[in-house]
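[1] Predicted model, plus sequence, below.
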Amino acid sequence: MLLILWLVIVPMLIGILLNGILPVFRRTIGITFIIGYLAYFGLFEVIAMPCMIRITYGAFGYCFKYFAVSSGVLAAMGLIRLVFLLKKEGFSFLSIFPGETHAGAHELLSPRSDPKGLKLDYSLEAKIYWGIFFLLLAVQMVMAVVMSSFDGDDAYYVVESLLAQQANVMNTILPYTGGSTSLDVRHCFAVITMWIAFVAKGSGIHSTIVSHSVIPLLVIPFVYLVYVEIGRILFRRRQEVIPVFMLVISFLMMFGNVSHYTPATFFLMRTWQGKAIVSNLVFPLILWIFLWLLEDVRETVANVNLTKTQKAAPWFILTLVNMLSGICSSMGIIFGGGLVALYTLVLLFFKRKWTVLVGAFVSIIPSALYLLLYLYVKGL
């Protein structure tokens, strides 16, 4: 139950707190959960980094307390907003997630409506495809736990989480020998190991069990959720194609072990490692956000009346994604920034507004600060 609290309920409530910045037709359960988790990770980065660098003794203990209280406060605020929406709009599911509204006959036939912002009902064939996809998803999740693969990196990364849980340190004990050391600058900035330690300590479960048996059950469906959102943009007018798209993605993941270093191999066999999260979650998130921005270039009924906050929402989410890339792996800083630059050029070609450059620049500020902080700590 504590795992459900820290891995599902708290991030979802944070997402409900923040989903007011989204356009109405994007306030779905999926996007709310994504933005909640990104803010959850971003908050952990802001708390974990100062604790790790500035606190000498018992650093993880302070990090755990500060993050538990801060995320709890945000979740409580999200709960208050949830109750407020239910009272204001009526106790309706759509009052919280209006983006889940399905198009009726009137919306489909009226020339003044734009069904782009509404969901369409799936045909029987599409529902069958969805059923096959969810069966494959279940198989992957079960196999990821039952046939858990142990990698050489576990001797370092998983042990870092375990040391944080049991010794209250943050990257100041050598995992290979157990001896004390100065802050390991090469690995310490990937604080995803410390977040796993937080989940382990918060739930009272051994860090190794959390890494190998819990994190895959979270990351695998989370990655597919992002691909669902990508599919909703690519096939906005033909939503019955989305389950077929997801089947293709699922098969690519299941049979992508053509090399030890493919993203699919990391996705199913080394799911708990930061490198796996960067290649399979961060990069698709960046693609999804720029597809969102490209879709908004078209002046449609659904987005002509967006507020400035709603127009800035994808750039805010992209900023959170760049924060996530930093806490997972240094590769996320370099390659994530490169993807943002590349996609920004494409977006600039279509939109032809200099504000695109401003949004892109602001979104990579966390990565730049991460790099500067690394150089500062390395020079100490």
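    Okay, I see it. Residues are numbered from 1 along each chain as shown.

[2] Burial check on Ile185, number of neighbours?
    Just to correct that, residue 185 is Val rather than Ile. Neighbourhood size, Val185 [other CB atoms under 10 Å]: 14. All C-beta spots, glycine's among them, are computed from the backbone N, C-alpha and C.

[3] Which residue, other than its chain neighbours, is closest to Glu229?
    Nearest residue to Glu229, sequence neighbours excluded (CB to CB, 6 or more residues apart in numbering): Trp288, at 5.4 Å.

[4] now swap in Ile215 and tell me
    Trp272 (4.2 Å).

[5] does the one you found belong to a helix or a strand, and which?
    Using DSSP states H and E, Trp272 maps to neither a helix nor a strand.

[6] how many other residues sit next to the residue nearest to Glu229?
    The burial count for Trp288: 25, using other CB under 10 Å.

[7] What of Tyr122?
    Neighbours of Tyr122 using other CB under 10 Å come to 15.

[8] Let me know whether it touches Trp130 as I believe.
    Yes: look at Tyr122 against Trp130 with CB atoms under 8 Å: they come within range, at 6.9 Å.

[9] Listing request: residues of the stretch 151-300 of the chain with sub-threshold pLDDT.
    For the stretch 151-300 of the chain, the stretches flagged by pLDDT under 70 are 299-300.

[10] about what we covered before: what sits against the residue nearest to Ile215?
    Contacts of Trp272 were listed using CB atoms under 8 Å, 6 or more residues apart in numbering, and they are 157-158, 196, 211-212, 215-216, 219.

[11] Next one: it from Asp154, what distance?
    9 Å (CB to CB, to the nearest Å).

[12] what sits in contact with each of these two?
    Ser211.

[13] Check which element follows the helix or strand where Ile220 lies along the chain.
    Using DSSP H and E, Ile220 maps to helix 215-234. Downstream of helix 215-234, the next assigned helix or strand under DSSP H and E is helix 242-254.

[14] residue ranges for the helices of the stretch 201-350 of the chain, please.
    207-209, 215-234, 242-254, 263-269, 274-277, 283-297, 308-328, 330-351 (DSSP state H, counting those that start in this stretch).

[15] now for those, which one comes closest to Ala360?
    Ala360 lies closest to helix 330-351 among these, at 4.2 Å (CB to CB).

[16] Okay, angle between the closest one and helix 308-328 too, please.
    Here the directions of helix 330-351 and helix 308-328 differ by 150 degrees (axes from the mean of the first three to the mean of the last three CA atoms, to 10 degrees).

[17] helices or strands next to the helix or strand just after helix 330-351 in the packing?
    Next in sequence after helix 330-351, counting helices and strands by DSSP H and E, comes helix 355-363. Contacts defined by 3 or more CB pairs under 8 Å, 6 or more residues apart in numbering; DSSP states H and E place helix 355-363 against helix 308-328, helix 330-351.

[18] Need the nearest residue in space to Leu247, chain neighbours excluded.
    Phe133 (5.4 Å).

[19] what's around the one you found, how many residues?
    22.

[20] Could you do the one 4 residues further on as well?
    Under the neighbour criterion other CB under 10 Å, Leu137 is assigned a count of 16.

[21] Just the pLDDT at His106, thanks.
    Per-residue confidence at His106 stands at 49 (pLDDT).

[22] Gly379 now?
    So Gly379 comes in at 71 (pLDDT).

[23] cool, and Gly332?
    At Gly332, pLDDT is 85.

[24] For the helix or strand hosting Leu372, buried residues please.
    In the assignment (DSSP H and E), Leu372 maps to helix 365-379. Neighbour-count burial for helix 365-379 flags 366-367, 370-371, 374 (criterion: 16 or more other CB atoms under 10 Å).
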